[in-house]
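>>> Provided below are the primary sequence and the corresponding predicted coordinates.
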Amino acid sequence: MKVLVLILSSVQSPGTSNHTNAEVFKSNYKVFRRDRKTSKGGGIFILIDQKYNSIEAEDLHIDNDCEMLWAQLSVVGVSSLYIGAFYRPPNMDQPEYSSYLDTCLARIPEGENIWLGRDFNLGDVNWDSNSVRPSSAKPKLSQQLLEIANNRYIEQQVTEPTRITDHSSTTLDLFFTNNSSLVNTTKVIPGISDHEAVYVEASLRPHKAPPLKRKVFSYNRADHEGIKQELNSFCSELSSIKESSVDTLWLKFKHKLTSLMDKYIPTKIIKDGHKKKPWITHRVKAAMRRRSKLYSRMKKTGKESDIRKYRNCKSQT
């Protein structure tokens, strides 16, 4: 399943409530926007494909001038997805501004998926080592962002610069998630402003790997006599080779043995379905079967003795 989500900062439009969604966006997107109140341009918005069930996360709304917006997307069979857009203006040096982000992250129910992106304007964080660079212009704000990410268990995924000038290249546009194992691709692509765009492909549920096909030898049907005869002849051939290294002789023997296996041993293709779990031994399987039988007996009789036996077996299993 693919969910198309755009998390963006407005350059100029919509930027003001005088512009309707229909003037700017296509009708197949559901639009969540927060326009900048202090100027004609700017603001943030989130676009989500109309075919998915999404609403604005009212519980995460902050009644101030903080440019932050949250949407909630519901998908059958998995936890809800909270999608956040956050913009920190370059001249906003008050720690309280970023603390609003921490407040919203704390309100998201445990176990839900989180995607958080946009322009944080803090390029002095080394995300590989999760540390603030010594030459940081805003060390307190950078350290605050790191602490928010660590305390709320979200990981930053963008590793390439998103703003490149003649004199510098910094990673200002970030993408956070609380389940980085489900992020398939993160890359920076050409943008439409002085910032590049961040492109992310992520999933809401783990992908099940298709069964692997592999060739196996049926040794019980092998022509052992044919292998022995050819190996005896090959042994004489190896003995006649003079001044060859051990590695050379080994490679010749290995190649010959492999070719004989393909020639004299039948093969078949099998699929590896469920991977074997080495901790599920025969002893464990026997305990699980006994537990199931005792459970059925307990449900049928309701006797205290059967309940006690089931609980003891379950504990041991």
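Perfect, I can see it now.

>>> which stretches of the stretch 1-150 of the chain have low pLDDT?
1-18, 39-41 (pLDDT under 70).

>>> helices of that one, residue ranges please.
Ranges of helices in the stretch 1-150 of the chain, per DSSP state H, counting those that start in this stretch, are 21-24, 95-107, 139-151.

>>> got JSON lines for those helices, with mean neighbour count and distance to I189 too?
Heads up, the C-betas are built off the backbone N, CA and C, glycines and all. Listed next are those as JSON lines, based on neighbours: other CB atoms under 10 Å; distance: least, CB to CB, whole Å:
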{"stretch": "helix 21-24", "mean neighbour count": "12", "distance to I189": "21"}
{"stretch": "helix 95-107", "mean neighbour count": "16", "distance to I189": "25"}
{"stretch": "helix 139-151", "mean neighbour count": "17", "distance to I189": "24"}
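
>>> now render the ones you listed as JSON lines, adding distance to K263.
Shown next, in JSON lines, are the helices of the stretch 1-150 of the chain (distance: least, CB to CB, whole Å):
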{"stretch": "helix 21-24", "distance to K263": "69"}
{"stretch": "helix 95-107", "distance to K263": "64"}
{"stretch": "helix 139-151", "distance to K263": "59"}
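
>>> roughly how far does the residue lying farthest from the centre of the chain sit from K254?
Going by CA atoms, centre = their mean, the residue of the chain most distant from its centre is S240, 57.9 Å out. As judged by CB to CB, to the nearest Å, S240 and K254 stand 19 Å apart.

>>> ok, now Y82?
Taking CB to CB, one finds Y82 at 56 Å from K254.

>>> for Y264, same thing?
Counting by CB to CB, the separation of Y264 from K254 is 16 Å.

>>> more neighbours: those two, which one.
Y264 (18 against 10; other CB atoms under 10 Å).

>>> isn't that one right up against G226?
Yes: the criterion here is CB atoms under 8 Å, and Y264 meets it with G226 at 4.7 Å.

>>> and the one helix or strand R290 maps to, how far out from the chain middle?
In the assignment (DSSP states H and E), R290 maps to helix 282-301. Distance, stretch centre to chain centre, for helix 282-301: 38 Å (CA atoms, centre = their mean, to the nearest Å).
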